[in-house]
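Enquirer: give me coordinates for this.
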Amino acid sequence: MATAVRVRRTGGPEVLEVSDVEIGGPGPREILVDVAAAGVNFIDTYQRSGIYPMELPYTPGLEGAGTVAAVGSEVHDFAVGDRVAWQGTPGGYAQQALVPADIAFAVPDGVSDESAAALLLQGITAHYLLNSTYAVSEGETVLVHAAAGGVGLLLVQLAKAKGARVIGTVSTPEKEQLARDAGADEVIRYTERDFVEATRELTDGAGVPVVYDGVGKSTYEGSLSCLRPRGLLALFGASSGPVPPIDPQRLNAGGSLYLTRPKIADYTRTREESTWRASELLEAVRAGTLTVRVGQRYPLRQAREAHEDLEGRRTTGKVLLLP
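Expert: Predicted coordinates for the structure are as follows:
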């Protein structure tokens with residue numbers, strides 16, 4: 001038996017229950033992992049609330065890191081005692097998790113379990129946004145919303161590494177400092193100033209070629225207004241709520257704009273693609289060129305509090321559960 005967080009009905013953070021469950025042994029292409037740390041992400045709250053339907057009951061948590069405790073009969077890439085990280089399957093909010101071997105990656109020496117658990121889902125998201133959704137070029141200016149959040153801090157660092165000029169939006173002076181420490185060139189406190197007006201001023205009225213928006217409902221209209229003609233809004237999250245239907249004529253009027261709603265599964269469709277993204281990220285952390293900031297850590301039994309703080313925008317950087 002292992003302690004795990006279970007969701008038996010959809011709803012608010014109060015539906016997260018802690019109980020003992022039977023994990024079982026690994027299937028032929030699975031590994032059983034003793035979980036050292038599990039990432040907490042907004043997608044977990046979407047699944048818990050029913051925005052993203054899940055088969056009930058289930059154990060949340062799409063990413064984590066730990067040590068291999070057992071391997072399936074057809075697994076040859078990993079052995080008992082290996083350190084691994086993964087993203088893409090529920091079950092991380094537990095002392096042990098069954099993980100498909102084809103979504104797990106070896107954690108290199110020099111990268112802690114916490115850093116690995118904090119990196120993959122948000123890191124791969126930042127990687128595909130900057131390299132594939134819109135391939136940022138040196139000298140371009142990009143706008144990153146929630147620049148002090150988990151994805152935001154990674155986007156800022158990775159965009160700067162590509163030679164971009166980064167404008168970030170934040171809500172507080174403390175978050176502004178975090179974004180600047182990550183390398184943001186300009187930071188707009190949207191609680192004090194209209195971010196559309198500020199972005200236009202910072203680009204001499206031209207607008208930006210791309211906006212990376214994980215906030216959603218409260219920012220998408222302004223994000224469209226920040227774009228230059230033929231610019232792209234990459235709407236990858238909805239921390240403020242789902243975006244209502246958009247009239248295509250709004251894109252026409254804004255200057256033949258592009259709008260995409262990407263998800264990680266479509267940018268990790270093959271083992272080769274996911275390995276490319278994960279390997280670059282893990283190597284960057286190992287080399288010290290990418291910093292993963294863990295802002296908050298909670299014991300497994302405080303999963304409800306972790307969700308409340310995440311949804312209440314009381315967190316910065318990455319949120320982890322430590323089984």
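
Enquirer: max-length strand in the chain?
Expert: Ordering each strand of the chain by length in residues (DSSP state E) puts strand 30-40 first.

Enquirer: using CSV, write down the CA coordinates of that one.
Expert: Output for strand 30-40, consisting of C-alpha atoms alone and laid out as CSV, is shown next (Å, rounded to 0.1, in the frame of the first residue of the first chain):
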residue,chain,number,x,y,z
GLU,A,30,6.1,0.1,-17.2
ILE,A,31,8.4,1.1,-14.3
LEU,A,32,7.4,1.5,-10.6
VAL,A,33,8.9,4.6,-9.2
ASP,A,34,9.4,5.7,-5.6
VAL,A,35,8.3,9.3,-6.0
ALA,A,36,10.7,11.9,-4.5
ALA,A,37,8.8,14.9,-5.8
ALA,A,38,5.7,15.6,-7.9
GLY,A,39,5.0,18.7,-9.9
VAL,A,40,1.8,20.7,-9.3
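
Enquirer: how much space between the residue nearest the centre of the chain and residue 42?
Expert: Centroid-nearest residue in the chain, with CA atoms, centre = their mean: residue 122, separated by 2.6 Å. Distance of residue 122 to residue 42, computed by CB to CB, to the nearest Å: 10 Å. Every residue, glycine included, has its C-beta placed from N, CA and C.

Enquirer: one more: residue 285?
Expert: Using CB to CB, one gets 22 Å for the distance from residue 285 to residue 42.

Enquirer: ok, residue 271 next?
Expert: Distance of residue 271 to residue 42, computed by CB to CB: 26 Å.

Enquirer: repeat that for residue 291.
Expert: 21 Å.

Enquirer: have a look at those two and say which one is more surrounded.
Expert: Counted by other CB atoms under 10 Å, residue 291 and residue 42 do not tie: residue 42 has more neighbours, with 21 against 15.

Enquirer: my guess is that one contacts residue 239. True?
Expert: Yes: with contact taken as CB atoms under 8 Å, residue 42 and residue 239 are classed as touching, separated by 5.4 Å.

Enquirer: so what's in contact with the two at the same time?
Expert: In terms of CB atoms under 8 Å, 6 or more residues apart in numbering, residue 42 and residue 239 are both contacted by the residues residue 214.

Enquirer: domain parsing for this protein?
Expert: The record's domain parsing of the chain by automatic domain parsing lists 2-121+269-322, 138-261.

Enquirer: brilliant, that's me finished.
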